[in-house]
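K.L.:
give me a model of this one.
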Amino acid sequence: MARPVRWLRLFMRWAKMITGQSYYHQPQGLGKAFRPGELAGYFNDLTCKTLWNGQIDVEGVPVNILDDGRRVYFATTIAQKALGHWDKWLLDRDEKDKSAFLSLCRWLLVRQDRRGGWPVWTELSLPLSSPYSAMTQGECISAFVRAWYLTRENEFAEGARRALALMCEPLENGGTSIYEKGDLFLEEFPNRPRSTILNGWIFALFVYDFWLAFKDDNAHDLFKLSLDTLKCNLFIYDSGYWSYYDTQGHLSSPFYHDLHLHQLTALAMVENDAAIIDFRDRWAGYRQKRLNRLRAFGLKAFQKLREPGEVVVIK
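P.N.:
Predicted coordinates for the structure are as follows:
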């Protein structure tokens, strides 16, 4: 009976995602207050993340419940909620959003470990080569530099620097970066062979925010090196009719395909590069064709049934 129940749960998750009822798969367009070259709104619209519909602790911090019943704090969820409140505060100037943003940032700062990270994959018991995620590191950096900008508290600046240093560490040293022949891949799931999930890589790339805040040459060099690597590798994520989720041949769900389009739009606003614009426009064209959408949905559903995974990775 275990397998049918598992497939039923998978089907229910997909149904929620497709109908827009999943907290984790609501549309995330271009940030509504995003202005390239300025430390303003976040590049991705995370305002939907402020509407948390799960459990919270006594401090009002989201608590994730896994399939096996474990209650965990998932730093990615918390950082995204913080960034959503930041943008809502910029747009509406509601002090409740400002307070929620700072409260969540302080929570993350207190729980940043000695290496400068949040071991999200240890929390989920995933056997990866590093317990950290470049995506989580990058999103926490983006939140911290905004908290610093708002409060001028040096603790946030130092927390962002430590998070950046760990993200830059090679996988072999427990970091989230893979260096290959002069290229730099920022890994959401750091492991060998690398999977290099596209959306996680782009979230991590917005260490660009650290450079905006502090004009730090190392952060800018990191951003440029990994961005150049991305531009040279975008073709790997092109199936000819849809985008791939990672370099292991997993097709994107409709949610992640759309997320890729918005992320590439933001990158094109930061760096007006023909390669980025070309893939963004090509993938937008794929999205317009009904046959492509049906084909992608069918293959993605098959892949999900074939590889359902042992743990629900919430993102």
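K.L.:
so how far is the one helix or strand residue 262 maps to from its chain's centroid?
P.N.:
According to DSSP states H and E, residue 262 maps onto helix 254-270. How far helix 254-270 lies from its chain's middle: 12 Å, per CA atoms, centre = their mean, to the nearest Å.
K.L.:
list the contacts of it.
P.N.:
Outside helix 254-270, the residues that touch it by CB atoms under 8 Å, 6 or more residues apart in numbering are 17-18, 25, 27-31, 34, 36-37, 43-45, 198-199, 202-203, 205, 208, 227, 230, 237, 242-243, 245, 252, 273, 276-277, 279-280, 283-284, 286-287, 293, 296-297. C-betas here are computed from N, CA, C, even on glycine.
K.L.:
and after that helix, which helix or strand comes next?
P.N.:
Defined by DSSP H and E, the subsequent element after helix 254-270 is helix 274-288.
K.L.:
please save the CA atoms from the very next helix or strand once past that next one in CSV.
P.N.:
Using DSSP H and E, the helix or strand that follows helix 274-288 towards the C-terminus is helix 290-306. Extracted C-alpha coordinates of helix 290-306, given in CSV (Å, rounded to 0.1, in the frame of the first residue of the first chain):
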residue,chain,number,x,y,z
ARG,A,290,0.1,24.4,-26.8
LEU,A,291,1.8,21.3,-28.1
ASN,A,292,5.0,22.2,-26.3
ARG,A,293,3.1,22.8,-23.1
LEU,A,294,1.4,19.4,-23.3
ARG,A,295,4.6,17.6,-24.3
ALA,A,296,6.5,19.2,-21.4
PHE,A,297,3.7,18.4,-18.9
GLY,A,298,3.5,14.8,-19.9
LEU,A,299,7.2,14.2,-19.7
LYS,A,300,7.6,16.0,-16.5
ALA,A,301,4.7,14.0,-14.9
PHE,A,302,6.4,10.8,-16.1
GLN,A,303,9.8,11.9,-14.6
LYS,A,304,8.1,12.7,-11.3
LEU,A,305,6.4,9.3,-11.1
ARG,A,306,9.7,7.6,-12.0
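K.L.:
thinking again about what came up before, and the helix holding residue 262, which residues are buried?
P.N.:
For helix 254-270, a neighbour-count test (16 or more other CB atoms under 10 Å) marks 254-268, 270 as buried.
K.L.:
any idea which of those is closest to residue 189?
P.N.:
Here the nearest of these to residue 189, counting by CB to CB, is residue 256; it sits at 14.3 Å.
K.L.:
quick revisit: ChimeraX command for the buried members of the contacts of helix 254-270?
P.N.:
In ChimeraX, this line selects whichever of the contacts of helix 254-270 come out buried by 16+ other CB under 10 Å:
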select :17,25,28,29,31,34,43,44,45,198,199,202,203,205,208,227,230,237,242,243,245,252,276,279,280,283,286,287,293,296,297
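K.L.:
flag the shaky bits of the stretch 201-315 of the chain, pLDDT-wise.
P.N.:
308-315 (pLDDT under 70).
K.L.:
repeat that with 50
P.N.:
310-315 (pLDDT under 50).
K.L.:
ok, how many other residues are close to residue 214?
P.N.:
18 (other CB atoms under 10 Å).
K.L.:
so who does it touch?
P.N.:
Contacts of residue 214 (CB under 8 Å, 6+ apart): 145, 157.
K.L.:
repeat that for residue 87.
P.N.:
By CB under 8 Å, 6+ apart, the contact list for residue 87 reads 31-33, 41-42, 45-47.
K.L.:
which of the helices or strands spans it?
P.N.:
helix 75-92.
K.L.:
quick one: buried residues of that helix?
P.N.:
75-90.
K.L.:
check which element follows that helix along the chain.
P.N.:
Trace forward from helix 75-92 with DSSP H and E and the next one is helix 95-110.
K.L.:
give me the helices and strands touching that following helix, please.
P.N.:
Packing partners of helix 95-110 (3 or more CB pairs under 8 Å, 6 or more residues apart in numbering; DSSP states H and E): helix 75-92, helix 134-151, helix 154-168.
K.L.:
helix/strand/coil for residue 35?
P.N.:
coil (DSSP: H, G, I helix; E, B strand; the rest coil).
K.L.:
contact partners for it?
P.N.:
residue 41 are the contacts of residue 35 under CB under 8 Å, 6+ apart.
K.L.:
how close does residue 64 get to residue 70?
P.N.:
9 Å (CB to CB, to the nearest Å).
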